[in-house]
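1. next one to model:
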Amino acid sequence: MVFPLHKIAEFADLKPNEIERALREFFPSEEALSMMTEDIKAYFTEWLLFEYKQSNKVTFLTEYVLKNPDKLPENEIDQFRQIAETQWYSDFQIINMVPGSHIVVEDIFTGKVIDVYDKLGSENLDSYGSIKARAACVDGVYYFVGANPSFVPMTYTARMKKMLRSCEKVRLSVKDTAMILLKHEMNPPVKIKPLTTAKRKEKQKDIHIKYKELAANHPRMMAWEDVLKHIYNEHGKNVPDFFKNLIKEGIPENIFMDNIDLFQDIWNFFPHKELGDKSPDELFAEFKKEQ
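-> Numbering: from 1, shown residues only. Predicted structure coming up:
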């Protein structure tokens with residue numbers, strides 16, 4: 001179902017002073033405002049309608065419902081009323097998808113599991129990952145409302161969910177998502193240059209030394225040779241699933257989480273059978289050489 005939220009945006013545009021005030025509250029500086037992309041603009045608009053409190057302490061969505069300036073039929077204004085009463089922004093982990101119908105997601109902050117009707121998303125989204133989005137319930141059915149949901153190819157462990165749920169008053173805002181994009185726009189990542197064969201060997205030695213030092217302080221650690229065997233025989237698994245198996249096989253989860261950069265380096269700089277006995281870094285170097 002498509003809700004005509006553009007009507008609320010048009011209603012907000014009739015208050016330029018409030019828009020100006022909202023821009024100053026949303027963007028940390030004039031430089032940040034100048035870096036606004038279409039995606040960031042969409043997130044700002046969602047925040048403006050659903051979260052921004054005007055000078056009268058009321059959101060634009062609530063005010064629109066109370067005033068009904070476009071004289072919408074009762075059933076349509078009631079849909080807006082239900083959205084205003086039930087909407088929330090969060091990080092939702094994908095549990096299952098029914099193509100052409102809905103997505104089953106879990107709010108990682110509360111553990112609440114809901115079926116979100118999203119025909120397009122259920123057909124096109126990857127089934128492994130999380131979605132930062134705003135959900136609302138209308139006539140007993142959940143929908144994503146606002147800007148397009150932001151898909152992130154990662155999931156949360158039970159330990160991480162428990163930690164997040166133990167924190168009081170931890171709630172996401174669409175502004176948080178926008179600020180991540182804005183930070184990327186203002187500080188674009190440096191282009192990575194592939195390592196030479198000599199530099200790669202130095203990197204491998206450095207990784208080995210770091211692992212030995214870590215293992216020396218944690219007797220339960222898997223032997224270095226066994227870690228390399230697991231990497232070599234990973235049989236095309238995606239990285240998160242491989243790391244989960246590695247934890248089950250003998251890397252304490254707390255040690256892995258505290259040293260995740262080291263384990264990512266082990267994955268990237270040592271050979272995989274599935275890659276023709278080459279490391280991901282070697283393949284990256286070959287790819288860059290061909291460009």
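
2. could you list the low-pLDDT ranges of the stretch 151-291 of the chain?
-> Scanning the stretch 151-291 of the chain for pLDDT under 70 picks out the ranges 168-170, 188-192, 237, 290-291.

3. kindly recompute the last result at 90.
-> 152-172, 180-197, 217-222, 234-260, 274-275, 282-291 (pLDDT under 90).

4. can you give me phi and psi for residue 261?
-> When read as degrees, to the nearest 10, the backbone of residue 261 gives phi -60, psi -40.

5. how near is it to residue 206?
-> Computed as CB to CB, to the nearest Å, the residue 261 to residue 206 distance reads 12 Å. To be clear about C-beta, it is placed using only N, CA and C from the backbone, and glycine gets the same treatment.

6. go on, residue 75?
-> 65 Å.

7. check residue 184 too.
-> Where residue 206 is concerned, residue 184 sits at a distance of 28 Å (CB to CB).

8. just residue 254 next, same as before
-> 23 Å.

9. domain parsing for the protein?
-> 1-189, 197-290 (automatic domain parsing).

10. for the last one, the distance to its chain's centre please.
-> In terms of CA atoms, centre = their mean, to the nearest Å, the centre of domain 197-290 is found 24 Å from the chain centre.

11. how about the strands in this structure?
-> Applying DSSP state E to the chain gives strands spanning 88-98, 102-107, 113-117, 130-138, 141-152.

12. could you dump those strands to JSON lines with mean neighbour count?
-> What follows is the strands of the chain, written out as JSON lines (neighbours: other CB atoms under 10 Å):
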{"stretch": "strand 88-98", "mean neighbour count": "18"}
{"stretch": "strand 102-107", "mean neighbour count": "21"}
{"stretch": "strand 113-117", "mean neighbour count": "17"}
{"stretch": "strand 130-138", "mean neighbour count": "21"}
{"stretch": "strand 141-152", "mean neighbour count": "18"}
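
13. can I get these in a markdown table with distance to residue 58?
-> Below are those laid out as a markdown table (distance: least, CB to CB, whole Å):
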| stretch | distance to residue 58 |
| --- | --- |
| strand 88-98 | 18 |
| strand 102-107 | 26 |
| strand 113-117 | 27 |
| strand 130-138 | 18 |
| strand 141-152 | 18 |
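
14. what's the closest of those to residue 82?
-> Between residue 82 and these, the tightest spacing by CB to CB is seen for strand 130-138, at 4.8 Å.

15. how much space between the nearest residue to residue 155 once chain neighbours are set aside and residue 276?
-> Closest residue in space to residue 155, ignoring its immediate chain neighbours: residue 93 at 5.4 Å, by CB to CB, 6 or more residues apart in numbering. Residue 93 sits 34 Å away from residue 276, going by CB to CB.

16. ok, back up a step: of residue 75 and residue 206, who's got more company?
-> Neighbours were counted for residue 75 and for residue 206 using other CB atoms under 10 Å; residue 206 has more, 12 against 8.

17. ok, now which ones touch that one?
-> Residue 206 makes no contacts at all, as judged by CB atoms under 8 Å, 6 or more residues apart in numbering.

18. quick one: it from residue 73, how far?
-> Taking CB to CB, one finds residue 206 at 68 Å from residue 73.

19. same thing with residue 150?
-> For residue 150, the distance to residue 73 - CB to CB - is 33 Å.

20. then residue 37?
-> For residue 37, the distance to residue 73 equals 36 Å [CB to CB].

21. who has more neighbours, these two?
-> residue 37 (13 against 9).

22. show me what contacts the more buried one?
-> If you count contacts by CB under 8 Å, 6+ apart, then residue 37 has 181, 185 around it.

23. separation between it and residue 21?
-> For residue 37, the distance to residue 21 (CB to CB) stands at 22 Å.
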